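**Q** Just to be clear, the model below is a prediction. Sequence and coordinates:
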2 protein chains.
Amino acid sequence: MNQTDLSEIFAQRRNRLMEALARHRLDALALNPGATLTYLTGLNFHLMERPVVALFTLDKPPVIVHPELEKAKIEELPFLVNAFPYGEDPAEWPAVFRRAAQYAGIDARRVGVEPARLRLLEFRYLKDAAPEADFIFAEEALTLLRVCKDEIEIANMRQAVQIAQQALRATLPMIRPGVSEREIAAELSLQLLRAGSDAEFPFQPIVSGGPNSANPHAIPGERRLQNGDLLVIDWGAVYHGYVSDLTRTFAINQVEAEFRRIAEVVEQANAAGRAAARPGVACQEVDRAAREVITSAGYGEYFIHRTGHGIGMEGHEAPYMREGNTQLLEPGMTFTVEPGIYLPDRGGVRIEDNVVITATGAETLSDLPRELQTLPL
Amino acid sequence: MNQTDLSEIFAQRRNRLMEALARHRLDALALNPGATLTYLTGLNFHLMERPVVALFTLDKPPVIVHPELEKAKIEELPFLVNAFPYGEDPAEWPAVFRRAAQYAGIDARRVGVEPARLRLLEFRYLKDAAPEADFIFAEEALTLLRVCKDEIEIANMRQAVQIAQQALRATLPMIRPGVSEREIAAELSLQLLRAGSDAEFPFQPIVSGGPNSANPHAIPGERRLQNGDLLVIDWGAVYHGYVSDLTRTFAINQVEAEFRRIAEVVEQANAAGRAAARPGVACQEVDRAAREVITSAGYGEYFIHRTGHGIGMEGHEAPYMREGNTQLLEPGMTFTVEPGIYLPDRGGVRIEDNVVITATGAETLSDLPRELQTLPL
């Protein structure tokens, strides 16, 4: 895309933000760098010790408080922003926040914030600069902003899935008894880059073998694969800032009968969850469809997490596929379906795909085989 | 190290935390996952939509509020913690925070927090759970906790430097006119993994050629190298959680005389900054030593950032080498020395090394040639 197209896309998104703010009776939005800021402006900062905040109001161009040495990023933007840069002395920070807040006119207004993103560092300076402002958690207004993906976003996610699948295929030949979780994770990371993933992965690959596979969020360790292990690999790529997030489970040579049984149950649960997904269905119905399969098979207590989460510019975002979430699915929503059964101290199975809601149903973006494949190949 | 050694190290660190809290008249510390939590416990979480917080008090084992599906990480800890897990329904969060706060006894107490780390998400629940607590920004108490590295930490950083250097050497042969910044950055990332870096890089490599090299925080783009370009590469590895952060500048074939001149000046400034570093010297003296060289050469206005920052478990941490910072250097402190000259729209030079303060002076951990090397090789 050229600069004009980009500028137009960001302007449309900011217009939708203005509508969302008005709907939620908010006068402004204060953002730390992250997915929402990137969505609205294309801006990307690696957040460290220096404060960075953007202010969006109903009547002025975006305001950005940033370190002077990031000014080239601001100057390259294809639209007008009001930049408030500061130098290397933290003593300058309060004054620059005051000037920015005054220009944006946020004092005594209702200012939305992202609680899972905004740090106390920036919040303190904002509060000092606008002592009469009312800071309001704006998850709800913002969730709807990014939750339905357009065609370009979906094309990026489709590519992120393809890259992830290619990387796993390239990694499988090195998996055999004696290889450690860390070695497999390192090779998979390398293959993700080779296959074209952006370097900033949504998360580090989870590679968990044997008893570790019963821990859904295991960190790859020094344990070496043994015959009879289950092996869970949960990995993803990122392409033009959009992520994929897949899981497949493998048998290291011959595994016990119950492991094969739970793999079948999880595969059926995964299929049931994906089949339940279509416009107008509540998120909790996707969870229920997958969970029902596992519960009926007698393993309900071993499925210890929700069935899925939204993905897009973030590895986890709305909508969440969990009991109690009555949000209705809409075309363009993208999320994971990832049921699992975890037998403590023995092993676990998880099968995760990425789906997008279409006008009439759901399309699964991932197509690697789901049945329990035996390794080595 | 075995579990007993690790347990002992974490216990010593938590004892030093208790002393620091007492010195700063704090009763407790509330931490989001990040370097400080890892330093104190070894715990590592990928922070997303679910709240995670740890509470350290003077008289009880650490308290951790965490998602149930992370419980294996807690159970594996080689010391006692009081875990407050929650399930998949966010409606459970307020109650679990209340139980944790009550158990820890933080209400009406002085509770330290990390402003550049703690999110509003956790802060809100903590405040609701301990409405009479006084939450106090504890940067100062915490800075001293991690700022002097022990031998094991320095050995990890030494290895992170070696990995980074090996990766750059392996990348240089592909650098020539016509290659894009992104292609170089991707190859360098891949070589970092091959050379043994942990997969979670401290930051993505900066590869900036031609006019982009005048932007200290450029993001690698599609621009292809041309004859006459300066090329700045700023990259780092991570080993056992400890980072390196280096920069070298290259000439793409013949470059103009002024580029060679500024490269010499920056090389001298880098040497002067490193030579000024020793125990008892204020951080600002390292900045002044490097800056004086550049200012004397007439380029003072083009050195637009501080001379360096601490490194360790974080890519940027205390101590900061900047004017106004009177903190005195002590043995075990580790930081970057990275002066630069940036000629707008033309090109820039930065040379960055990692140093550790010793009993009598400073040791430079990095030893790649610093002079302006011409590429292709």
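**A** Yep, that arrived.
**Q** CA atoms for contacts and neighbours, from now on please.
**A** Noted.
**Q** Check which helices and strands the helix or strand hosting residue A:184 is in contact with.
**A** If you go by DSSP states H and E, residue A:184 is part of helix A:181-194. Applying 3 or more C-alpha pairs under 8 Å, 6 or more residues apart in numbering or on different chains; DSSP states H and E, we find helix A:181-194 packed against helix A:151-171, strand A:206-209, helix B:181-194.
**Q** Which of these sits closest to residue A:102?
**A** Closest approach to residue A:102 among those (C-alpha to C-alpha): helix A:151-171, 35.5 Å.
**Q** CA atoms of the closest one as PDB?
**A** Coordinates of the C-alpha atoms in helix A:151-171 are reproduced here as PDB (Å, rounded to 0.1, in the frame of the first residue of the first chain):
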ATOM      1  CA  GLU A 151      -9.800  -8.400   4.300                       C
ATOM      2  CA  ILE A 152      -6.300  -7.100   4.500                       C
ATOM      3  CA  GLU A 153      -6.000  -8.100   8.100                       C
ATOM      4  CA  ILE A 154      -7.400 -11.600   7.400                       C
ATOM      5  CA  ALA A 155      -5.000 -12.000   4.500                       C
ATOM      6  CA  ASN A 156      -2.100 -11.200   6.900                       C
ATOM      7  CA  MET A 157      -3.400 -13.800   9.400                       C
ATOM      8  CA  ARG A 158      -3.800 -16.400   6.700                       C
ATOM      9  CA  GLN A 159      -0.200 -15.800   5.800                       C
ATOM     10  CA  ALA A 160       0.900 -16.000   9.400                       C
ATOM     11  CA  VAL A 161      -0.900 -19.400   9.600                       C
ATOM     12  CA  GLN A 162       0.900 -20.600   6.400                       C
ATOM     13  CA  ILE A 163       4.300 -19.500   7.800                       C
ATOM     14  CA  ALA A 164       3.700 -21.300  11.100                       C
ATOM     15  CA  GLN A 165       2.600 -24.500   9.300                       C
ATOM     16  CA  GLN A 166       5.700 -24.400   7.000                       C
ATOM     17  CA  ALA A 167       8.000 -23.900  10.000                       C
ATOM     18  CA  LEU A 168       6.500 -26.800  11.900                       C
ATOM     19  CA  ARG A 169       6.800 -29.100   8.800                       C
ATOM     20  CA  ALA A 170      10.500 -28.100   8.500                       C
ATOM     21  CA  THR A 171      11.100 -28.900  12.200                       C
END
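**Q** Contact residues of the stretch 1-150 of chain A facing chain B?
**A** A:46, A:48-49, A:69-70, A:72-73, A:87-89, A:114-121 (C-alpha under 8 Å from any C-alpha of the partner chain).
**Q** which of those count as buried?
**A** Buried members of the residues of the stretch 1-150 of chain A next to chain B, counted by 16 or more other C-alpha atoms under 10 Å in any protein chain shown: A:69-70, A:72-73, A:88, A:114-121.
**Q** export those to a markdown table and tack on pLDDT and secondary structure?
**A** Shown next, in a markdown table, are these (pLDDT from 0 to 100; DSSP: H, G, I helix; E, B strand; the rest coil):
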| residue | pLDDT | secondary structure |
| --- | --- | --- |
| A:69 | 84 | helix |
| A:70 | 88 | helix |
| A:72 | 84 | helix |
| A:73 | 88 | helix |
| A:88 | 84 | coil |
| A:114 | 96 | coil |
| A:115 | 95 | coil |
| A:116 | 94 | coil |
| A:117 | 95 | coil |
| A:118 | 97 | coil |
| A:119 | 97 | strand |
| A:120 | 96 | helix |
| A:121 | 96 | helix |
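**Q** where's the spatially most central residue of chain A, which helix or strand?
**A** The residue lying closest to the centre of chain A (C-alpha atoms, centre = their mean) is residue A:315, at 1.6 Å. Here residue A:315, judged by DSSP H and E, is contained in no helix and no strand.
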